[in-house]
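Engineer: sequence and predicted structure below; questions after.
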Amino acid sequence: MRLKNNLKYVVTPAKIFMTVLILLFAVLIVQGIIIATEDIFTETKRRQTKTKPKEEATKEEKQVSRIRYSGKKILPDGTIHLIYRPERKPGRVDEPEMVQIYDVNDNLLWEGPSTRNPYRYLTWAGRLNSYRRDFTQQRMRQLQMITPELSRTLEVPVQSEQQVIQIWRYNPAKNYFIGYDTDGKKIGYIGSTGFTNSIIETKSLGKFRSFTAWCPQDSFSPTLLWQTQRCIYQINFEKQKVELLFESTDSDIETMSVHAWRDIAPGKEGSADYEKYRPLIHCVTADNKHYLIMRKPEQKLTVSVPKNWDSRFIGFTATMKSIFLQRYESERIPPKEYYKSPKLLRKWLQDHQGKPIKTAVELYKANNQGKLELLNRYDWTVPALPERVVEARDFRAPATRFVSKFSPPLYDWAWYFVGIRFWTQVYQRSDFAHGFARMLADIRPSSSIINWLLSAMMIGFTFWHGWPRRTSWPKFLFWLAFVGIFNLAGLLTYLALNHTTVIKCPACSRSRGLTKVNCIRCGVELPAPKRGKLDLIFNS
Amino acid sequence: MRFWTLLRKEFRESLPWLILAAIVFFCFGGYCLRTFANFGELNRYFPYFPRLSPGSIVEPYQLTHNSPLQMTGVWLSLTSIGLGLSLGIRQFWVPHFTRTWPFLLHRSANRKTILAAKLTTAMLVFVISLGTLWVCLYWYANRPELFTIPQTARVFIEGWIFIALGLIAYLGTALSGLSTAKWYTTRIFGLAFATVIIIVTFAQWRLAWAFVVIALGVLILLSQIIDLFLNREF
C-alpha cells in the first residue's frame, strides 16, 4: 500500500515527461517533413526557371568587379598586388589557369599561366581547424561516440622503414598517452611531465583542443603539435620527448595557426620555403592576446593588437628579416560584440544591406617588442549588392515560418535565456548537438504573435474541455499553463492523459466528468446504480 | 519461497530466448572477432597502420582506429535489443493473447512478487546470455597472442551499455503490453520512449551521460510498469 502511495509522486511526472517528449518528437518529425517537402518543390521550381541573360557590364563595372574578386597579395617589401583569375572556358580543364597581376593603381604588370608567376608573395600562418587536415575537439568527441560499432581510439605508431615498433594510444579520460611495444607490453606514458615509466609520475596534458601531425624528413614516425586548453606541446614519440612550447596562464587558447613549423619535404603539401621563413606558431587567447612562438632563433613575442581588431582576419608570418601582420577589414563584417545579440546583428546587417562596402587590406611590421608599424594599406569599395532590403523580422522560408507557429514558445525561451554563447558551444559539442541546435534555430517560433494566438486558442480549448472534468484547481491550472508553454505538443499531451468520459449530471443537467464523485457545479454525488434482481451483494 | 517458484516459472518460459540470444551473439559476434584476428595474424603485429612517408603531413584519420570488437559490438547491440523485445512480448503480451493473466494473478502470491519475479528473470537472462558472453569475448580479445595491444576498458563498459539498452527495450515493450489504451493512442508510447532513449544514448560521447540517460529511462518506464501492474484490471 505504501509503495502504491509513494509511487504516484513519481508516476505522474514520469508519464507527463514521457508523453510530452514523444509528442515533441512527433511534432518535430511532421514539421521536418513539411520543411523538406517545401525544399524539394522550391528546388525543382528554381531549376525549371530560366535564368535571364546578364546585361553587358560597362568598362567601369568590369574594373570594379575585377578589383573585388582579385586576391590581394603582398611582396616581402610591402608592395600589394592584385591577382585576378579570369574565368576558364567551360570544358577546357586541360588549359593552364591564367592570372593577371595588377598593381594598386590598376596597371597590368604581368599576365600568364599561374605556375609561371614571377613574383614570390608572403605566405601566412594557417589556422588548425580544417576538417580533413587537422583534428579538433569535435573530432575527438566523435571518436568517443557510443555507436553500435563501439568507440574508436587515437593511436600513434612509431615505425622503422619496415615495420611498426611501438604504438602510443591516447587516453581521453586521463589526457595522456600509453605506449605499447610489439609484444603488447606497456613501455611507458607520455604526459605533460614528458616520458615516464610509472602512471603515478604521469601528469595530464590538459583538456584536448586540436592537433596536427607530420613525419619529419628524417623519420617514418609522426610528430604531433598538440594544443590543449592552456598549453601547446610538441610530442616526438620516436625520441619519447615532450616539449612545452607555450603556456597561457591567464586565459584559454582559442586558436592556433602554424607556418613553416612542420618539417615537410619541398614540393609536398604543407611545405614552406624554410630558407626564407622562420618556423612560427601564432596563437590567440580568449582575452584577445596574440602570441608568436618562433624558431631560428628561438623567440617568444606578445604582439599588441588594438582591441577592436577581429582576430579571425589577422594573419602573421615571420621571415628571416622581419615579422609581418596582415589584416583584412570590411564594413560588411559585424564587430564581435554584435554576435552576442541577435537583434544587434540583424540591425547591423539591415543597416549595411544595399550599400557600398569599404574594404581594406593592411600590412604591418612587428618589432621585437611586439609593437606594430603600418607599412602599406590598400582600400577598395565593393559596390552595393543588387539585393533588395528585406524589412521582415523573419528571414526563414515560408514553410519553416508556418510550421514554427506550432512550436512550443519554450524553444524561444531556451534560445534567449540560455544564451547565444551556450548554443555556439553546443554547435561544437557533437554532430547530434549540432543538429539539435540547428533544428532549434530553424523551428523556434521567434516570438511570433500567431504562435502566441495559437497557444491562447489551445489554452481556451483546454479550458473548455477540462472544466467539466476538473478534479482540483492546481491540476487544472497546471494543464492550462502546460498547454501554453508547449503549444500543439502540450495540447496533445493534455488530451492523451486527461481524456475521460463525461455524463449529464442528473441534478443540474450539465456535463460532469466521472473521475470526481461530487458534481463540480451542483455538488451532488454520482448516482448509485439501481439495484437489480440478480445482485448478490446488497448495501444495508 | 513463492518468489523462487515464480522465478523458476518465468525463467523456464524465457529459457528459449536466452539460449537463442546466446547462440546468435556467440556465433556472429565470435565469428566477427575471429575474422578480425585472422586478418591480424596475416598482417603481423599492426595490420591497420598505413605506411607513412618521411617529410609529409599525416592525415589525422590515419591515426584513428576501430576496436577489433567493432562488429561484435554491432551484434551485441542488435541481439540485446532483440532479446529485450522478445522477453517483453513473452512476459507481458503472450499472457494477454492467450488470456492466461487470471491464472497467474490468482496464485497465492501478491502482484508485487509476480512483477518482481518477471523483472528479476529478465535481468538474469540479460546477464547470463549476453553479459557473460561479452565478458568472455572481451577477455578473448585481450589475449596478447590474438591482438598485440589490449582493448580499452571503455569498450568493455560500452558493451554493458548495449546490454542496458536491451533492458530499456524490454521495459518499453512491457509498458506497451500492459497499457489498456488503444494502439493508435498512447499504447505505443512505451516502445516509442524506449526508442528515444536508445537514440539519445547513441548520441552520447561521455559514458557518465549515457548511464544518466539509461537510468532516467529505466526510472520513467519502471515506475509506470509497477503502477500499471499493481492497479490495472486483468
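Structural biologist: Received it, and whenever you're ready, just let me know what you need.

Engineer: who's in contact with the closest residue to chain B within chain A?
Structural biologist: Per CB to the nearest CB, A:Ala265 is where chain A lies closest to chain B, at 3.1 Å. (Each C-beta comes from the backbone N, C-alpha and C, glycine too.) Residues in contact with A:Ala265 (CB atoms under 8 Å, 6 or more residues apart in numbering or on different chains) are A:Gln217, A:Ser271, B:Pro54, B:Gly55, B:Ser56.

Engineer: out of these, who's nearest A:Val403?
Structural biologist: B:Ser56 (49.7 Å; CB to CB).

Engineer: please report how far B:Leu52 lies from chain A.
Structural biologist: Counting by CB to the nearest CB, to the nearest Å, the gap from B:Leu52 to chain A is 5 Å.

Engineer: residue contacts, whichever residue of chain B sits closest to chain A?
Structural biologist: Closest contact between chain B and chain A, by CB to the nearest CB, is at B:Gly55 (3.1 Å). B:Gly55 sits next to A:Cys215, A:Pro216, A:Gln217, A:Asp263, A:Ile264, A:Ala265, A:Lys268, A:Ser271 when contact means CB under 8 Å, 6+ apart.

Engineer: of these, select the buried ones using a PyMOL command.
Structural biologist: Buried residues among these (16 or more other CB atoms under 10 Å in any protein chain shown), as a PyMOL selection:
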select buried, chain A and resi 215+216+263+264+271
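
Engineer: for stretch A:399-415, list every residue counted as buried.
Structural biologist: If you call a residue buried by 16+ other CB under 10 Å, then stretch A:399-415 has these buried ones: A:399-401, A:403-412, A:415.

Engineer: ah, wrong one, I meant stretch A:503-513
Structural biologist: Buried, per 16+ other CB under 10 Å, within stretch A:503-513: A:Cys505, A:Arg512, A:Gly513.

Engineer: could you list every helix and strand in contact with the helix or strand the second one falls within?
Structural biologist: So the one you mean is A:Arg512. If you go by DSSP states H and E, A:Arg512 is part of strand A:511-513. Contacts defined by 3 or more CB pairs under 8 Å, 6 or more residues apart in numbering or on different chains; DSSP states H and E place strand A:511-513 against strand A:502-504.

Engineer: what is the strand it packs on packed up against?
Structural biologist: On a contact count with 3+ CB pairs under 8 Å, 6+ apart, strand A:502-504 meets strand A:511-513.

Engineer: on that earlier part again, give me the subset of the contacts of B:Gly55 lying in strands.
Structural biologist: Counting by DSSP state E, the part of the contacts of B:Gly55 found in strands is A:Cys215.

Engineer: okay if I get the contacts of B:Gly55 as a markdown table plus pLDDT?
Structural biologist: Below are those laid out as a markdown table (pLDDT from 0 to 100):
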| residue | pLDDT |
| --- | --- |
| A:Cys215 | 93 |
| A:Pro216 | 92 |
| A:Gln217 | 91 |
| A:Asp263 | 89 |
| A:Ile264 | 90 |
| A:Ala265 | 90 |
| A:Lys268 | 85 |
| A:Ser271 | 84 |
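
Engineer: just name the closest of the contacts of B:Gly55 to B:Lys9, please.
Structural biologist: Of the contacts of B:Gly55, the one sitting nearest to B:Lys9 (CB to CB) turns out to be A:Cys215, at 65.0 Å.
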